[in-house]
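**Q** Okay, here's the prediction I keep looking at, along with the sequence it came from:
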Amino acid sequence: MWTAAPARTGPLGAALPVVPGANGNIAFDSTRSGNQEIWVAAADGSNPTQFTFNSASDLDPTWSPDGTQIAFTSYRTGNGDLYMIDADGTSVTQLTSGGAFDGEPAWSPNGAQIAFSSTRSGNLDIWLITISTGATTQLTTDTRDDFAPAWKPNGLRITFTSNRLGNSNVYTMNSDGSGQQTRTLAPNADGYSTYSPDGRKFAFQSNRVGNYDVWTMNENGCCLLQLNKVTNFDGHPAYAPDGTKILFATNRSGNYDLWTINPDGSGVAALIVNSSTDDRPDWQAIVG
């Protein structure tokens, strides 16, 4: 499926505003307009701007490596499918269709493909779609769920979450699906991992100490570090383009907001706070 939609406008036909600043903006999904939609804010959390306007849920945004587009999951056709939208809020394009769930997109560093989670083989597996042709390739085939892919910045490996050991853990594989390896062996649940910009570490969420916190570790699985230690949910981490901050979703203020923390666990601070749910952040690369 490859269907380009007309350029989108906001309520009453008004043109969608462009978020100031060409680089380093933050995309996230939010319920602040009534249902989940894609929003974008500046790197300091200012000027939150609604990018999608649909009665169905739009969520899981991921920036293209050149910062010109956002891929996301949408339920506007009844089940989850992949869409993308230009970084000025126009030109929504549907990438997948069918009766299966396709979601949790992750854009490849070369911009040519998107990794995603899909039930098209029965349970959740990791698939690839080539953007120019719409061709898809299945990367994982385990009988347990594999989901939430993220690319290594050099494009050679993909990290993902899997339940194949009975609980969720962090895994990696080569970008063609070979060389699948577990990186964590938690007694409870590790997942939603993402590479640091230099490709040496993962940030991920884990409830190994009783509630979900953000942790980091080296790519080889050593040197675990718990970044935040609170009794609330902290998860869905995303590195800043320069690696100096980790953005994450937390309900420590009563609803889900977006906060930042330094990679050593210091400097935790609220960034995007609203009375509705803000979640699943992704930080736009700094290009040029």
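**A** In hand now; what should we look at? Note that the coordinates shown come from a computational prediction; the quantities given were computed from them, not determined experimentally.
**Q** Show me what residue 93 is bridged to.
**A** When bridges are called by DSSP bridges, residue 93 pairs up with residue 4, residue 84.
**Q** okay, now it: neighbour count?
**A** Counted by other Cβ atoms under 10 Å, the residues lying close to residue 93 total 17. Quick note: C-beta positions are derived from backbone N, CA and C, even for glycine.
**Q** Without its sequence neighbours, what residue ends up closest to residue 95?
**A** Spatial nearest neighbour of residue 95, excluding adjacent residues (Cβ to Cβ, 6 or more residues apart in numbering): residue 82 at 4.1 Å.
**Q** Who are the packing partners of the strand or helix carrying the one you found?
**A** Here residue 82 is covered by strand 81-86, with elements defined by DSSP states H and E. Contacts defined by 3 or more Cβ pairs under 8 Å, 6 or more residues apart in numbering; DSSP states H and E place strand 81-86 against strand 69-74, strand 93-94, strand 102-107.
**Q** which ones are touching residue 124?
**A** Residue 124 makes contacts with 101, 117-118, 145-147, as judged by Cβ atoms under 8 Å, 6 or more residues apart in numbering.
**Q** rerun that using 10 Å as the cut-off
**A** Each residue near residue 124 by Cβ atoms under 10 Å, 6 or more residues apart in numbering is listed here: 100-101, 103-104, 117-118, 140, 142, 144-148, 160-163.
**Q** Tell me how far residue 80 lies from residue 117.
**A** To residue 117, residue 80 is 9 Å away according to Cβ to Cβ, to the nearest Å.
**Q** Please enumerate the shared neighbours of these two.
**A** 60, 73, 101-104.
**Q** Name the nearest of those relative to residue 276.
**A** residue 60 (17.0 Å; Cβ to Cβ).
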